[in-house]
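In: got a structure for you, letters missing:
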């Protein structure tokens, strides 16, 4: 398997982690059985994973890079 190109910069990753934390915090304040909680959990996980691995599939398709190094 080839190595994924890094297309998410440090600041972008920090913002993504912050947004993921906010989404998880919102789920705490919603009713536990609210169906929207599952959507918010999924979004938070996806955003956190893209920040962790510094790779965003949508950025790859759109040829966007927010990191300075190649």
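Out: Structure's in. What do you need? This structure is a prediction, so every number in the text was calculated from the model and none was measured.

In: use CA for all of it now, contacts and neighbours both
Out: Noted.

In: Low-confidence ranges, the chain, go.
Out: Across the chain, the ranges flagged by pLDDT under 70 are 1-2, 69-70.

In: Would you map the strands across it?
Out: In order along the chain, the chain carries no strands (DSSP state E).

In: Would you mind finding the longest helix in it?
Out: In the chain, with assignment by DSSP state H, the single longest helix is helix 10-29.

In: Which secondary structure elements does that helix sit against?
Out: If contacts are counted by 3 or more Cα pairs under 8 Å, 6 or more residues apart in numbering; DSSP states H and E, helix 10-29 sits against helix 36-53.

In: can you pull the buried residues of the helix it packs on?
Out: 37, 40, 41, 43, 44, 45, 47, 48, 49, 50, 51 (16 or more other Cα atoms under 10 Å).

In: what's the answer for stretch 57-70, then?
Out: For stretch 57-70, by 16+ other Cα under 10 Å, it's residue 65.

In: Now find how far off-centre it is within its chain.
Out: On the basis of Cα atoms, centre = their mean, to the nearest Å, stretch 57-70 sits 14 Å off its chain's mean C-alpha point.

In: for stretch 6-16, same thing?
Out: 9 Å.

In: Could you do stretch 11-31 as well?
Out: Taking mean C-alpha positions (Cα atoms, centre = their mean), stretch 11-31 and its chain are 9 Å apart.

In: Now it: buried residues?
Out: By neighbour count on 16+ other Cα under 10 Å, the buried set for stretch 11-31 is 13, 16, 17, 19, 20, 23, 24, 27.

In: can you put the residues you listed in JSON lines and add distance to residue 63?
Out: Output for the buried residues of stretch 11-31, formatted as JSON lines (distance: Cα to Cα, whole Å):
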{"residue": "13", "distance to residue 63": "17"}
{"residue": "16", "distance to residue 63": "18"}
{"residue": "17", "distance to residue 63": "22"}
{"residue": "19", "distance to residue 63": "22"}
{"residue": "20", "distance to residue 63": "23"}
{"residue": "23", "distance to residue 63": "27"}
{"residue": "24", "distance to residue 63": "29"}
{"residue": "27", "distance to residue 63": "32"}
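
In: No further questions, thank you.
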